[in-house]
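**Student:** Predicted model and sequence follow; I will ask about them next.
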Amino acid sequence: MVSEEHNDTIGVIGLGHVGLTTALGLAEMGWSVVGTDSDAEKVALVQKGSPPFYEPDLEQLLRKHLGNGRFKPIPDVEQALEQASTLFVCVGTPQKSNGDADVTAIEGVAQAIARHLNGYKLVVEKSTGPVMTAHWIRRTIERYRNGDGELDVACNPEFLRQGTAVHDVLYPERVVFGLETERARDILTRLYAPLNCPIMLTDLNTAEIIKHAANAFLSTKISFINMVADLCEATNADVTQVAQALGLDQRIGPGFLNAGIGFGGYCLPKDLRAFMRIGEVSGVDFSLLREVERINLSRVEHFLGKLLENLWVLQKKTLGILGLSFKPGTDDIREAPSLEIIGRLLQEGAVLQIYDPQAMSEVQRIYPSEAGRISYVSSAYEAARGADALLLLTEWPEFKDLDMAEIRRTMRLPMLLDGRNLFDPSELRRLGFTYYGMGRP
Ligand code: UGA
C-alpha cells in the first residue's frame, strides 16, 4: 500500500473514529499528516500510541506512523491549520433534539480556518454533514477570513465501518469527491492515487446526499429483512434462507440482510433521522424512512416478547448476556440495542450475568455492578452458568467457537435467544437447547 513519500502536509481536524483512521490511512499512502483535536486528552493518548477507542489493527498502524514520523498528532489546532494546505474536517455531527445534525463543531472549524488563511487551503468535509454543509463552510470562511489565501471547499464522504475501519479506508469500494474547481479535483485525485478503486466526481450537494442516502439505504435493507423475519416467524419459514436467495440476485446484493435485534451505533440511527429531517425541511416526503426507523425501534420489544413468552416471569430469573457493543469488532455502545434490553430486564427484576470481549467497561458506567442484580463476568461460560436463559446480543466471532455442550451442562434451563442468528439452530437443538432465533422456524 505505501507509496513513495510526498512533501505536502495534510491536516486532519478531529481524531475520532473517522479522523484518526483517515489520518493513518493517508500516512499509509505515503503522505505527511498532522492530526489535531480540541480534546487535549485524546491527542495525548494518540501521541502515546494508544487509540482512544478500540478498532482492530489501528494501534499497530498508529505506532508505525508515529515511529516513522509520517503522522504527527498535535494539540494546537491553530498550528495544524497553519501547517497544512489540505485540511480534512472530521469533527462530530451529533444529533439535536429535533433530529437535525448539529453542525456547530464544523462551523467552529470553519471559523478557525478563516483566522488562519495564510495561503491556499483546500477544506475537505469528511464529517457527515447535511446537504449544503460544504457551501456553508465556504460561506463562513469567506465571511470571517483574516488572511488573503485562496480557498477551495470539497466533500469527500467516508464510508468506513467500525470494526473494519482500517481495511475500509485502505481498500474502499469507491471514493466520492464533491468538487467545485479543477484545482481541488487535482489535489484530491493525487492524494488518493495510491488507492485502486473507482473515483466518482460530483458537485458538493450530490456528494453530501450520497453519504446520507447510503446510510439510509443500508438501514432500509435491515428493517426490510426484519419485517420479513416477522412474517417468517408467523409462518414457520426461515428468513436466513430468504435473505440468501434475495442476495443472490445481483440487483439486491447479499449485504445487510441479517435479521436480528436491529441496527445501532453512532451512524445509521443518527444519519437516518438527520436524512428524514433534511427531507422534511426540503418539503420532500420521506415517510418511507419513518417506517424504517419504526421497525428498528420495535425490534427490542419483539425480542423481549420471546423471552417473556417462554419464561413467563423474569423476577429473580438469572439471564446470561453475550455481547453488548452495537456490532462486533468495536467497544462502541452508542445506540446499541443491548442498552435498552438490559434496562428492561432490570426493570423486570432479572439477575444479569454479562459478558462482552470489549465493551463491558463502557456499559458498566451506565449500569454499575450490583450484587444479586447485575454482574460483569470474564467469559461467556461464566455468563451462562446457572442461567435460566442465554441472550446473544452481538455476534462476536468468538461466540461461534464456544463449547455449547459445556454451556448447556452449566445452565439451569438450556434456553438460547439468538438475537443475531449466529448459531445453527439444528445443532443447538441436537445439544438439547431450546433455541429461538430471529425469523427462523
Ligand atoms: C455504518 C455504514 O455501514 C458505513 O458505511 C458508514 O461509513 C458508517 O456507518 C458511518 O456513517 O460512519 P457502522 O456504523 O460502523 O457503519 O456499522 P454497520 O456495519 O453499518 O452496522 C450498523 C448496525 O446495523 C449494527 O448494529 C449491526 O449489527 C446492524 N446490522 C448490520 C444488522 O442488524 N443487520 C445487517 O445485515 C447489517
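**Tutor:** Everything's here; your move.

**Student:** and stretch 392-399, how far apart are its ends?
**Tutor:** Across its full length, stretch 392-399 reaches 9 Å between end residues, using CA to CA, to the nearest Å.

**Student:** so what's L61 up against?
**Tutor:** The contact partners of L61, taken as CB atoms under 8 Å, 6 or more residues apart in numbering, are 24, 27-28, 166. The C-beta positions use only the backbone N, C-alpha and C, and glycine is treated the same way.

**Student:** swap in G439?
**Tutor:** 226, 228-233, 237-240, 259, 421.

**Student:** Correct me if wrong: R115 contacts I141.
**Tutor:** No - under the criterion of CB atoms under 8 Å, R115 is not in contact with I141, lying 9.5 Å apart.

**Student:** Those two: who's more crowded?
**Tutor:** In this view R115 and I141 are compared by other CB atoms under 10 Å, and I141 has more residues nearby, 23 against 15.

**Student:** in terms of contact, does the more buried one touch A110 like I think?
**Tutor:** Yes - using CB under 8 Å, I141 and A110 qualify as a contacting pair, with a distance of 5.3 Å.

**Student:** rewinding a little: sort out for me which of the contacts of G439 are in helices.
**Tutor:** With DSSP state H as the criterion, helices contain 226, 228-233, 239-240 from among the contacts of G439.

**Student:** how about the strands of the stretch 1-150 of the chain, start to end?
**Tutor:** With strands called from DSSP state E, counting those that start in this stretch, the stretch 1-150 of the chain shows them at 9-13, 32-36, 71-73, 86-89, 121-125.

**Student:** Of all those strands, which one is nearest the ligand?
**Tutor:** strand 121-125 (13.5 Å; CB to the nearest ligand atom).

**Student:** if you look at that closest one, does any of it touch the ligand?
**Tutor:** No - using CB under 6 Å from any ligand atom, strand 121-125 stays clear of the ligand, with a minimum separation of 13.5 Å.

**Student:** Report the angle between that strand and strand 9-13.
**Tutor:** With axes from the mean of the first three to the mean of the last three CA atoms, to 10 degrees as the criterion, the two stretches strand 121-125 and strand 9-13 enclose an angle of 40 degrees.

**Student:** and strand 121-125, what does it pack onto?
**Tutor:** Helices and strands touching strand 121-125, as assessed by 3 or more CB pairs under 8 Å, 6 or more residues apart in numbering; DSSP states H and E, comprise strand 86-89, helix 104-115, helix 133-144, strand 151-155, helix 182-191.

**Student:** what about the third one, average pLDDT?
**Tutor:** The reference is to helix 133-144. Helix 133-144 shows a mean pLDDT of 97.

**Student:** Report the buried residues of that helix.
**Tutor:** By 16 or more other CB atoms under 10 Å, the buried positions in helix 133-144 come out as 133-138, 140-141.

**Student:** Then the last one?
**Tutor:** Burial within helix 182-191, assessed by neighbour count using 16+ other CB under 10 Å, is assigned to 184-185, 187-188, 191.

**Student:** Report the distance from it to the chain centre.
**Tutor:** 28 Å (CA atoms, centre = their mean, to the nearest Å).

**Student:** Which strands or helices does it pack on?
**Tutor:** Packing partners of helix 182-191 (3+ CB pairs under 8 Å, 6+ apart): strand 121-125, strand 151-155, strand 175-178.

**Student:** rerun at 6 Å
**Tutor:** With contacts defined as 3 or more CB pairs under 6 Å, 6 or more residues apart in numbering; DSSP states H and E, the packing partners of helix 182-191 are strand 151-155.

**Student:** and the following helix or strand past the strand it packs on, what's its mean pLDDT?
**Tutor:** Where DSSP states H and E defines the elements, the next helix or strand beyond strand 151-155 is helix 165-170. When pLDDT is averaged over helix 165-170, the result is 97.

**Student:** picking that back up, would you list the buried entries among the contacts of G439?
**Tutor:** Neighbour-count burial (16+ other CB under 10 Å) is assigned, among these, to 226, 228-230, 232-233, 238-240, 259, 421.

**Student:** Specify the local secondary structure of the closest residue to P254 other than its chain neighbours.
**Tutor:** Ranked by CB to CB, 6 or more residues apart in numbering and with sequence neighbours excluded, the top spatial neighbour of P254 is G247, at 2.9 Å. Assigned state for G247: helix (three-state reduction, DSSP: H, G, I helix; E, B strand; the rest coil).

**Student:** What residues does the stretch 1-150 of the chain have near the ligand?
**Tutor:** Counting by CB under 6 Å from any ligand atom, the residues of the stretch 1-150 of the chain lying close to the ligand are T128.

**Student:** Quick check, V12 in contact with G35.
**Tutor:** Yes - contact criterion CB atoms under 6 Å: V12 and G35 qualify, at 4.5 Å.

**Student:** Give the residues shared as contacts by those two.
**Tutor:** A23 (CB atoms under 6 Å, 6 or more residues apart in numbering).

**Student:** Contacts only, for F326.
**Tutor:** Taking CB under 6 Å, 6+ apart as the definition of contact, the neighbours of F326 are 264-265, 332, 336.

**Student:** Check these and tell me the two furthest apart.
**Tutor:** Farthest-apart pair in these is G264 and D332; separation 8.8 Å (CB to CB).

**Student:** low pLDDT regions in this protein?
**Tutor:** For the chain, residues meeting the criterion pLDDT under 70 lie at 1-7.

**Student:** Domain-wise, how is it divided?
**Tutor:** Segmentation of the chain into domains, based on automatic domain parsing, reads 9-202, 211-297, 299-436.

**Student:** ok so, going back, which of the contacts of F326 come close to the ligand?
**Tutor:** 264-265.

**Student:** Using TSV, lay out the contacts of F326 together with neighbour count and secondary structure.
**Tutor:** Listed next are the contacts of F326 as TSV, based on neighbours: other CB atoms under 10 Å; DSSP: H, G, I helix; E, B strand; the rest coil:
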residue	neighbour count	secondary structure
G264	24	coil
G265	20	coil
D332	24	coil
A336	26	coil
